[in-house]
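> below is the sequence, then the predicted model.
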Amino acid sequence: MDMLSLRLFLRVAELGSVSAAGRDLSLSPASASARLVKLEETVGCRLFNRTTRAVSLTTDGEVFLPYAQQAIETLEIGLSAIGTQGAQAQGILRMTMPGSFGRMHVIPALAEFQERYPLVSLDLRLSDEVLDAIEGAYDLIIRNAHLADSSFIARKLACDRRILVASPAYLERYGIPATPEELGEHQCVILADNNRWKFANGQIAIVPRSFVVNDGEAVRKMIEQGMGIGIKSIWNAKESLKSGLLVEVLADFPLVAETSIWALYPSRRIVAPKVRVMIDFLLERFWPIPPWEC
C-alpha cells in the first residue's frame, strides 16, 4: 500500500471518476484501475461501486476514507519534518461539537478561519450526543463536559459557568425561590434527566422532573416561555438575559462548576497542522475570557 495508491483512492472518491483521478496524478486509465484493484486486494474488500456512468464509495470505502486521509497527512507531516519547510495547514479537518455551542460560537467564526487557512476544508458534525471519536475518525472534538477520558489530549478552551434562570412571567406567577430548598415547590425544566442540582455551598437540590428534554437549546426556549426554572450556561443564555427574556434565580447560591469547553484529540495521533491551527484559532476567541463573560 503506497502513497500514490492512497492518493488515487482519495481523488476517485472526490471526483467519482477513475480516469479523471488518474489524469490528475499522471496515470493512464489502465494503470489507475490496476492500482485500485491492487489496493482493494490489500485491504481485503471492495472500496468502490463501479458502473458505466459513475464510481461511488461502498460502505467499506466510506469507513476506510478518513483513515486513508489520516495516513496521507501523517506521511506529509513526517516528510515536512525532515525537509527544509514547515508543514502547511491543509486537508480535510473532521470535527464534531455540541449543536448549540457550535451554532452560536463556532460556526459564525469559520469564515474568518477559512480566510486564514484556505487550504483547510471542514467536515463538521454538530450533535449534543457524545460521538465516538475513534470510530468516527475525528481529528478534533469540542466537548462541553466534565472531562474524565484519559485517552484524549485536551486543551481547555473556556470555563462553562452555569446559573439558574427563569422567565419574568413564570416568577410573577409562581414567586421567586429564596433558597435551594424551595426549588422543590416549583416547576423545573431538566436537561437529560439531571434533577440533582449541586450548589457551591455543598447543598444538593433534588428538583421535580416537571419537563425533561435532551436538547440544551430546547431547554432555553421552554424556560423563556415560562414553563419553569432551569440551569443554563452563560454562553447559551447571555443574549436572553440581556434582552430580559430570562432572569437569574438564586444568584446568592452559585452552582458547582463541573464542566468546561474542551478541545480534544486522540492521544495516539500526531497533531497535524490543520488541527493545531484550529485549536489556536479557538483559543484566540475563547481564552482566557470568553466573549459571553464580557
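Yep, it's here.

> list the contacts for the closest residue to His105 other than its chain neighbours?
Nearest residue to His105 in three dimensions, chain neighbours excluded: Trp235, at 6.4 Å (Cβ to Cβ, 6 or more residues apart in numbering). To be clear about C-beta, it is placed using only N, CA and C from the backbone, and glycine gets the same treatment. By Cβ atoms under 8 Å, 6 or more residues apart in numbering, Trp235 lies in contact with Phe101, Met104, His105, Ala158, Asp160, Ile261, Pro290, Trp292.

> which of those sits closest to His186?
For these, the minimum distance to His186 (Cβ to Cβ) is 23.9 Å, reached by Asp160.

> shouldn't Val213 be in contact with Val219?
Yes. Counting by Cβ atoms under 8 Å, Val219 is a contact partner of Val213 at 5.7 Å.

> name the SS class of Ile163, please.
Under DSSP: H, G, I helix; E, B strand; the rest coil, Ile163 falls in the strand class.

> is it in a bridge, and if so with what?
Lys232 (DSSP bridges).

> distance of it relative to Ile206?
Distance, Ile163 to Ile206, by Cβ to Cβ, to the nearest Å: 19 Å.

> ok, the two, which is more surrounded?
Each of Ile163 and Ile206 had its neighbours counted (other Cβ atoms under 10 Å), and the higher figure belongs to Ile163 (19 against 10).

> just to revisit the earlier point, return the subset of the contacts of Trp235 lying in strands.
Ala158, Ile261 (DSSP state E).

> in helices only, show me the contacts of Trp235.
Applying DSSP state H to the contacts of Trp235, the entries found in helices are Phe101.

> what segments of the stretch 151-294 of the chain are helices?
Secondary structure of the stretch 151-294 of the chain (DSSP state H, counting those that start in this stretch): helices at 168-174, 216-224, 234-243, 273-286.

> from the chain's centroid, how far away is the first one?
Relative to its parent chain, helix 168-174 has a centroid offset of 36 Å by Cα atoms, centre = their mean, to the nearest Å.

> check contacts around Leu6.
Leu39, Ala68, Ala71, Ile72.

> show the buried residues in these.
Leu39, Ala68, Ile72 (16 or more other Cβ atoms under 10 Å).

> quick one: contacts for the second one?
It stands for Ala68. Per Cβ under 8 Å, 6+ apart, neighbours of Ala68: Leu6, Phe9, Leu10.

> element containing it?
In this structure, Ala68 sits in helix 59-81 according to DSSP states H and E.

> state the mean pLDDT of that helix.
Mean per-residue pLDDT for helix 59-81: 83.

> after that helix, which helix or strand is next?
strand 91-97.

> what's that following strand packed up against?
Counting contacts by 3 or more Cβ pairs under 8 Å, 6 or more residues apart in numbering; DSSP states H and E, strand 91-97 is packed against helix 59-81, strand 120-126, strand 140-145, helix 273-286.

> closest one to Ser19 among the ones you listed?
helix 59-81 (18.0 Å).

> list the buried residues in that closest one.
Of the residues in helix 59-81, those buried (16+ other Cβ under 10 Å) are Gly61, Phe64, Leu65, Pro66, Ala68, Gln69, Gln70, Ile72, Glu73, Glu76.

> what does stretch 7-14 give?
Across stretch 7-14, burial judged by 16+ other Cβ under 10 Å covers Arg7, Leu8, Phe9, Leu10, Arg11, Val12, Ala13.

> before we move on, what about stretch 227-247?
227-238, 240-241, 245-247.

> which residue lies nearest the spatial centre of this structure?
In the chain, the residue lying closest to the centroid (Cα atoms, centre = their mean) is Met97, at 1.6 Å.

> so how far is Leu282 from the closest residue to that one other than its chain neighbours?
Leaving aside its chain neighbours, Met97 sits nearest to Ile142 (3.7 Å; criterion: Cβ to Cβ, 6+ apart). Counting by Cβ to Cβ, the gap from Ile142 to Leu282 is 8 Å.
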